[in-house]
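# Sequence unavailable; structure follows:
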């Protein structure tokens, strides 16, 4: 995800992404980046909004096997509810183009799975010709 979008999420949900301790007078992040395409910005942002009151500590957000993976820790009071929201978002990511955020489908691209809409997939095919 591009730096500006990562900054937008990590600053809006600051407590979810930063530890209380500081290194060189800067807050230490649990997760230095969000490792997926810009197209999933909206679903990640929505998930963070839904989880915010549960005070999670985000460990990692990335793409794996074509879908979104969201790793966080919670107090036991919220675990079941939180994991349900995370599972639903991860499942939804399998139908959202990781590049642009439009409706997409799982495709094999250069030997790995990825979700792309028809338009983004066609651009990839044209590049490879």
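Thanks, I have it. Because the structure is a prediction, the values reported are computed rather than measured.

# after the longest helix along the chain comes which helix or strand?
Taking DSSP state H as the criterion, the chain has its longest helix at helix 79-93. Note on helix 79-93: by DSSP states H and E, the next helix or strand toward the C-terminus is strand 105-109.

# avg pLDDT for that next one?
Taken as a whole, strand 105-109 has a mean pLDDT of 95.

# Could you list the buried residues of that strand?
By 16 or more other C-beta atoms under 10 Å, the buried positions in strand 105-109 come out as 107, 109. C-beta: built from backbone N, CA, C; applies to glycine.

# Look up the closest residue to residue 106, ignoring the ones flanking it.
Sequence neighbours aside, residue 66 is the residue nearest to residue 106 in space, at 5.1 Å (criterion: C-beta to C-beta, 6 or more residues apart in numbering).

# isn't that neighbour right up against residue 105?
No: counting by C-beta atoms under 8 Å, residue 66 sits too far from residue 105 to count as a contact (9.8 Å).

# Need the residues touching each of the two.
Shared contacts of residue 66 and residue 105, defined by C-beta atoms under 8 Å, 6 or more residues apart in numbering, are found at residue 115.

# hmm, back to that, which ones are touching the residue nearest to residue 106?
94, 106, 112, 113, 114, 115.

# Include distance to residue 127 when you put these into a markdown table, please.
Output for the contacts of residue 66, formatted as a markdown table (distance: C-beta to C-beta, whole Å):
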| residue | distance to residue 127 |
| --- | --- |
| 94 | 23 |
| 106 | 20 |
| 112 | 16 |
| 113 | 18 |
| 114 | 14 |
| 115 | 18 |
